[in-house]
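>>> Fold the following.
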Amino acid sequence: MVTPQARPLLAYGPGRGVVAVPGPGARAGRWLLLLCLLVLLPACAWTTQQKMDRFDDQFAR
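Presented below is the predicted three-dimensional model:
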């Protein structure tokens, strides 16, 4: 049997962790994470493309 003292995360319901607790901070955190992903993914793709272009230029000669 699971006691509330042993598993405090179950107090929020099944499948919910600390991140899923409703509140003003949870929504802001999700938007911040989404914004970071939207900025980082194109930046990573761009730098990878630059490296590939440089690599191609090396062996094109």
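
>>> Helices of this protein, start to end?
Taking DSSP state H, the helices of the chain run over residues 24-60.

>>> in it, which segments are predicted with low confidence?
Residues of the chain meeting the criterion pLDDT under 70: 1-24, 61.

>>> hmm, try it at 90
The model of the chain has pLDDT under 90 over residues 1-33, 55, 57-61.

>>> Tally up the residues packed near Leu33, please.
Residues near Leu33, counting by other CB atoms under 10 Å, number 11. The way it works is simple: take the backbone N, C-alpha and C, and place the C-beta from them, glycine included.

>>> do Gly29 as well
Gly29 is flanked by 12 other residues according to other CB under 10 Å.

>>> do you know how far it is from Leu35?
According to CB to CB, to the nearest Å, Gly29 and Leu35 sit 11 Å apart.

>>> for Pro42, same thing?
The value you get for Pro42 to Leu35, if CB to CB is used, is 12 Å.

>>> CA atoms of stretch 50-61 as CSV?
The C-alpha coordinates for stretch 50-61 follow below in CSV (Å, rounded to 0.1, in the frame of the first residue of the first chain):
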residue,chain,number,x,y,z
GLN,A,50,27.6,26.4,-42.2
LYS,A,51,29.9,23.6,-41.1
MET,A,52,28.7,21.4,-43.9
ASP,A,53,29.2,24.1,-46.4
ARG,A,54,32.8,24.6,-45.2
PHE,A,55,33.4,20.9,-45.3
ASP,A,56,32.1,20.8,-48.9
ASP,A,57,34.4,23.7,-49.9
GLN,A,58,37.4,21.9,-48.6
PHE,A,59,36.9,18.9,-50.8
ALA,A,60,35.6,20.8,-53.9
ARG,A,61,39.1,21.9,-54.8
